[in-house]
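[1] sharing a sequence plus its predicted fold:
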Amino acid sequence: MGFGDLKTTAGLQVLNDYLADKSYFEGYVPSQADVAVFEAISSPPPSDLCHALRWYNHIRSYEKEKASLPGVKIALCKYGPADVEDTTASGATDSKDDNDIDLFGSDDEEESEEAKKLREERLAQYESKKAKKLALVAKPSILIDVKPWDDETDMAKLEECVRSIQADGLFWGSSKLVSVGYGIKNYRYSV
């Protein structure tokens, strides 16, 4: 954590990027965290680092009230983005090599003969189960209700007109006459 050396342009660039979407380090008012970072900067940031310069000028306006700002001042290395190592002399930490722990296993290690045999057996079982399954061909099934205008509509002529409709992939299935009520019947088609 930290910004690195805030007296260098690299450290000020990290500070500028960090302040791109923040006004202060902690919360919505200036605090002792802002004072701690402000005191680590020797001079105002260059004008091309606009976020850092805006923040610097704003905190400088609290020159007389710095001691009364809320919060507790802690080490400078505790503030800032988590992905930057602090390289200052006061904030240097001992870092361990994280590469010695392999959380997900390594492909470099030799697999035992029993494990290889077991894996091969399971793959063979899976392939045999997969080969036994029939390929399922998906065919959509649609039911269409064709309703007449009134009870005097010629239902035989209506069915003839409906079945005259032709389209790619359209196959008319069975149909039946279903009673709706009051002597009115409609056709239900399976497509």
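    Okay, I see it. On a predicted model such as this, the values are computed, not experimentally measured, just so you know.

[2] so residue 187, which of the three states?
    Recorded secondary structure, residue 187: strand (DSSP: H, G, I helix; E, B strand; the rest coil).

[3] who does it bridge with?
    Per DSSP bridges, the residues bridged to residue 187 are residue 146, residue 177.

[4] pLDDT score for it?
    The model reports residue 187 with a pLDDT of 72.

[5] burial of it, as a residue count?
    Number of residues near residue 187 (other Cβ atoms under 10 Å) recorded here: 18. All C-beta atoms are positioned from the backbone trio N, CA, C, and that covers glycine.

[6] I'd guessed it sits against residue 176; true?
    Yes - between residue 187 and residue 176 a contact is recorded at 7.3 Å, counting by Cβ atoms under 8 Å.

[7] name the residues contacting each of the two.
    With Cβ atoms under 8 Å, 6 or more residues apart in numbering applied, the contact sets of residue 187 and residue 176 do not overlap.

[8] any low-confidence regions in the protein?
    Low-confidence segments of the chain (pLDDT under 70): 1-2, 82-111, 136-138, 189, 191.

[9] most distant residue from the centre of this protein?
    Outermost residue of the chain with respect to the C-alpha centroid, by Cα atoms, centre = their mean, is residue 152; its distance is 60.4 Å.

[10] return the residues in contact with that one.
    Residue 152 neighbours (Cβ under 8 Å, 6+ apart): none.

[11] for it, phi and psi?
    Main-chain torsions, residue 152, degrees, to the nearest 10: phi -100, psi 0.

[12] check residue 113 too.
    Backbone torsions of residue 113, given as degrees, to the nearest 10, read phi -60, psi -40.

[13] what about it, how many neighbours?
    Residues lying near residue 113 (other Cβ under 10 Å) number 8.

[14] before we move on, what about residue 59?
    Counted with other Cβ under 10 Å, residues neighbouring residue 59 total 20.

[15] the chain: helices as residue ranges?
    Along the chain, the segments classed as helices by DSSP state H run 9-18, 32-40, 50-60, 113-132, 155-163.

[16] okay, these in CSV with distance to residue 77 next?
    Conversion of the helices of the chain to CSV gives the following (distance: least, Cβ to Cβ, whole Å):
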stretch, distance to residue 77
helix 9-18, 12
helix 32-40, 10
helix 50-60, 18
helix 113-132, 46
helix 155-163, 79
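
[17] re earlier: gap between the residue farthest from the centre of the chain and residue 176?
    Going from residue 152 to residue 176 by Cβ to Cβ, to the nearest Å gives 21 Å.

[18] likewise for residue 116?
    For residue 116, the distance to residue 176 - Cβ to Cβ - is 61 Å.

[19] and residue 77, by the same measure?
    Residue 77 sits 81 Å away from residue 176, taking Cβ to Cβ as the criterion.
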